[in-house]
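K.L.:
Predicted model and sequence below, questions to follow.
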Amino acid sequence: MDINILLVDDENDFVETMVKRFGIRKMAIDSAKSGQEALAALATKDYDVIILDVRMPGMDGLETLKLIRERAPLTEVIMLTGHASLEAGMQGMNLGAYDYVLKPADFDDLLDKVRKAFERKELNAKARKQGA
Amino acid sequence: MPRPASKEPESGSDRQGIGQGSDQGMLARATGARLWKDHGLLLWAHFLVPPVLAALVVAATFATPVLAGILAAIVLGIAAVSARALMIRLSQTEEARLALTNQLIQSQKLAAIGELSAGIAHEINNPIAIIAQEGEWATHLIGEAEKQCSADFAEVKDSLREVRAQVDRCKNITHKLLDFARKREPVIQDVDVSRIIEDMARLVDKEAAYKNVTLVRSLPQDLPKLRTDAPLLRQVVLNLMTNALHAVSEGGRIEASARADNGFLEISITDNGCGIAPENIDKIFNPFFTTKPPGQGTGLGLSMCHTLVTGMKGEICVDSKPGQGTTFIVRLPR
């Protein structure tokens, strides 16, 4: 099962660790340091799951989420946040995020959510194909 | 007599014109059509035994009047018990049907309002965009004019800024409305409900701590998995918890619980907050209904929950006592 994952976060250390941890499980994961970078990456590759930090300088997570949902409606987005902001959580879920993970994220937990998000994406893609 | 009871669902649903498959089942359950299926023999006995015995009484009259008297008393007794049982059943049926009819009317009404508001939102979006654009252009023009004749346009600029702010507010509302009316087909997965409640509760925890509110989870260990749409359920749970948090005052208590029931899974969010005024209880699921001051709530949260839960083939209901608190119950088929 190959899942195309994109991790969007401006914290270098966090990104590096995550890339390694996914790597150990033989899961390829790309990273982007900002919303703009994420959208640029999305234009070149079809991602299954995007893990998106809420608070980033420049374009914030919610704004990025909105654009991702418009450009790649099938791609599932898991929001990641360091501070448990209820308002951002509500907005994120209402904008169609698949799930919400609080930092520091438990890796197995995150992995589990990524798998679930991927499963949903596949189901959704199948349903669309049948509908078309 | 039981015949009409089993027919009732058909005529009832014809009148409502409801096309959802599950409604038929609900109606059948509520009206007791199942009773007929399960206890058909018993019901036949209910009806046939009294007349048969009555016939015996008539026959016995010709033999001995005493025996006839005893038999008549027995017949009367049985007939009375039968009649009573049926009467109770009948009134229960009627009550259940009425409740269901109201529920159906309510969800139809909500669907209609939702559709209407989406239509309006769509129509209004374009003029709002033009107003915003013209406002920006006017701001620019004034800036230029100010440079040339050095007059002070502060007041004009101020009102233009306000125009822009209000347009943004309108846009926000129309976008929410459109987003809310967009039909999302649920994607069905195995869902761990305890997990979802715990995850969403963690999001609420910090804000709850601010208000010194405790958010209690009572989740059974052996809660079965649910086949439903995970992000939609998260949205509903988070919305209800947020509402509860707004309803309680400093030091309040919110309880999120879940339990499995025959074919259903029930999630309840209970708060000990201000409660809902009786005159408002029928309106809380209506889009735009809010008791918050203007600009602080769009009144779309609960109506969105209603739409989402209905989309998941479930039910949402509310129980509230003013001054004591409110419970929202979401029932989802397993």
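P.N.:
All right, it came through fine.

K.L.:
on contacts alone, who are the packing partners of the longest helix that chain A contains?
P.N.:
In chain A, taking DSSP state H as the definition, the longest helix is helix A:107-131. With contacts taken as 3 or more Cβ pairs under 8 Å, 6 or more residues apart in numbering or on different chains; DSSP states H and E, helix A:107-131 sits against strand A:49-53, strand A:76-81, strand A:99-102, strand B:189-191, helix B:230-247. All C-beta spots, glycine's among them, are computed from the backbone N, C-alpha and C.

K.L.:
Give me whichever of these is most buried.
P.N.:
Sort those by mean neighbour count, taking mean count of other Cβ atoms under 10 Å in any protein chain shown, and strand A:49-53 sits at the top with a mean of 26.

K.L.:
what's in contact with that strand?
P.N.:
Contacts with strand A:49-53, where a contact means Cβ atoms under 8 Å, 6 or more residues apart in numbering or on different chains, come from A:3-11, A:18, A:38, A:42, A:61, A:64-65, A:68, A:75-82, A:97-98, A:101, A:110, A:114, A:117-118, A:121.

K.L.:
Likewise for stretch B:206-226?
P.N.:
With Cβ under 8 Å, 6+ apart as the test, stretch B:206-226 has contacts from A:83-86, B:190-194, B:197-198, B:201, B:204-205, B:233, B:241, B:245, B:248-260, B:265, B:332, B:334.

K.L.:
on that earlier part again, mind putting the helices and strands packed on helix A:107-131 in CSV, distance to B:Trp137 and mean pLDDT included?
P.N.:
Shown next, in CSV, are the helices and strands packed on helix A:107-131 (distance: least, Cβ to Cβ, whole Å; pLDDT from 0 to 100):
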stretch, distance to B:Trp137, mean pLDDT
strand A:49-53, 35, 95
strand A:76-81, 36, 93
strand A:99-102, 40, 90
strand B:189-191, 49, 93
helix B:230-247, 38, 94
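
K.L.:
got those as a markdown table, with distance to B:Gln103 columns?
P.N.:
What follows is those, written out as a markdown table (distance: least, Cβ to Cβ, whole Å):
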| stretch | distance to B:Gln103 |
| --- | --- |
| strand A:49-53 | 38 |
| strand A:76-81 | 33 |
| strand A:99-102 | 31 |
| strand B:189-191 | 25 |
| helix B:230-247 | 18 |
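
K.L.:
Mind checking those for the one nearest to B:Ile131?
P.N.:
helix B:230-247 (30.9 Å; Cβ to Cβ).

K.L.:
Check whether that closest one comes near chain A.
P.N.:
Yes - using Cβ under 8 Å from any Cβ of the partner chain, we find that helix B:230-247 touches chain A at B:Ala230, B:Pro231, B:Arg234, B:Gln235, B:Leu238, B:Asn239, B:Thr242, B:Leu245.

K.L.:
mind listing what's buried in whichever helix or strand comes after that helix?
P.N.:
Elements were assigned by DSSP states H and E; along the chain past helix B:230-247, the next helix or strand is strand B:253-261. For strand B:253-261, the neighbour count (16 or more other Cβ atoms under 10 Å in any protein chain shown) marks B:Arg253, B:Ile254, B:Glu255, B:Ala256, B:Ser257, B:Ala258 as buried.

K.L.:
Out of the helices and strands packed on helix A:107-131, flag the one nearest B:Ala83.
P.N.:
Across the helices and strands packed on helix A:107-131, closest to B:Ala83 is helix B:230-247 (Cβ to Cβ), at 45.3 Å.

K.L.:
which residue does the stretch 51-200 of chain B bring closest to chain A?
P.N.:
Minimum separation of the stretch 51-200 of chain B from chain A (Cβ to the nearest Cβ) falls at B:Val187, amounting to 5.1 Å.

K.L.:
Checking that residue next. Helix, strand or coil?
P.N.:
coil (DSSP: H, G, I helix; E, B strand; the rest coil).

K.L.:
With A:Asn4 as the reference, measure out to it.
P.N.:
19 Å (Cβ to Cβ, to the nearest Å).

K.L.:
Please say which of those two ends up with more neighbours.
P.N.:
B:Val187 (20 against 17; other Cβ atoms under 10 Å in any protein chain shown).

K.L.:
I'd assumed A:Arg120 was in contact with the more buried one.
P.N.:
Yes - using Cβ atoms under 8 Å, B:Val187 is in contact with A:Arg120, at 5.3 Å.

K.L.:
show me where pLDDT drops low in chain A?
P.N.:
Along chain A, segments meeting pLDDT under 70 span A:1, A:84, A:132.

K.L.:
Please consider this matter closed, and thank you.
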